[in-house]
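Undergrad: Would you be able to build a 3D model of this:
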Amino acid sequence: MCKHVWGKVFPYISMAEIRENITRTPIAAPPAPSRARAATRLTGDPDHDFLRRMSDHHLDLIRITHAAIESNRDASLAAAIRRFEEAHDHELDALLSLLQRIYNDAFVPQTNPENDFIAEMLRKHRSDNMKALLEAAEKSEADAVRILNDYLPKSKQRQVRSLAEN
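TA: Predicted coordinates:
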């Protein structure tokens, strides 16, 4: 799922280039750990839990891209940011649809307060929003890879595994 989105949406930017060119200076202090998102309520079923965890992941990225679109001043970046948002919006719809169809689960994903904070910084600081978006996307994609690596060896549902592998 997420491992392929980056190349489709930003084919001209590699993750290696981002790592080399982004400075690691944060915009401001992140929220305190006590404000961290409550852990997604897990069910014990690896397929069900994967769909829930990835739904949270996609909602986080959608929230950040909404903020980047709102604060963007560079017309040349607008289309790329919108494609990134649309890709994750499509994935979130697919995940929620499977949760409903397979598990009759009307799960409501939650955003991470750290990503809410990043979204607010994007809105407040209109300059260099692409850098902040790329930093957040890189971190989020690394989280998605961890979720995938944890899930794939345990997968049972063919539909869910197929979604995870694409």
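Undergrad: all helices of the chain, in order?
TA: For the chain, the helices defined by DSSP state H cover 2-9, 15-21, 46-71, 75-103, 113-124, 129-151, 158-165.
Undergrad: Pick the most buried one from the ones you listed.
TA: Most buried of these, by mean neighbour count (mean count of other C-beta atoms under 10 Å): helix 46-71, with a mean of 23. All C-beta atoms are positioned from the backbone trio N, CA, C, and that covers glycine.
Undergrad: contacting residues around Ser140?
TA: By C-beta atoms under 8 Å, 6 or more residues apart in numbering, the residues touching Ser140 are His57, Asp60, Leu61, Ile64, Asn115.
Undergrad: Skipping its backbone neighbours, what lies nearest Leu152 in space?
TA: Leaving aside its chain neighbours, Leu152 sits nearest to Ala164 (6.3 Å; criterion: C-beta to C-beta, 6 or more residues apart in numbering).
Undergrad: Would you confirm that the one you found contacts Asp49?
TA: No: contact criterion C-beta atoms under 8 Å: Ala164 and Asp49 do not qualify, at 11.9 Å.
Undergrad: Overlap in contacts, those two.
TA: With C-beta under 8 Å, 6+ apart as the test, Ala164 and Asp49 both reach Tyr151.
Undergrad: Pop out the phi and psi values for Asn112.
TA: The phi/psi pair for Asn112 (degrees, to the nearest 10) reads phi -90, psi 130.
Undergrad: For Glu70, which non-adjacent residue is closest in space?
TA: What sits nearest to Glu70 in space, not counting adjacent residues and going by C-beta to C-beta, 6+ apart, is Arg123, at 5.8 Å.
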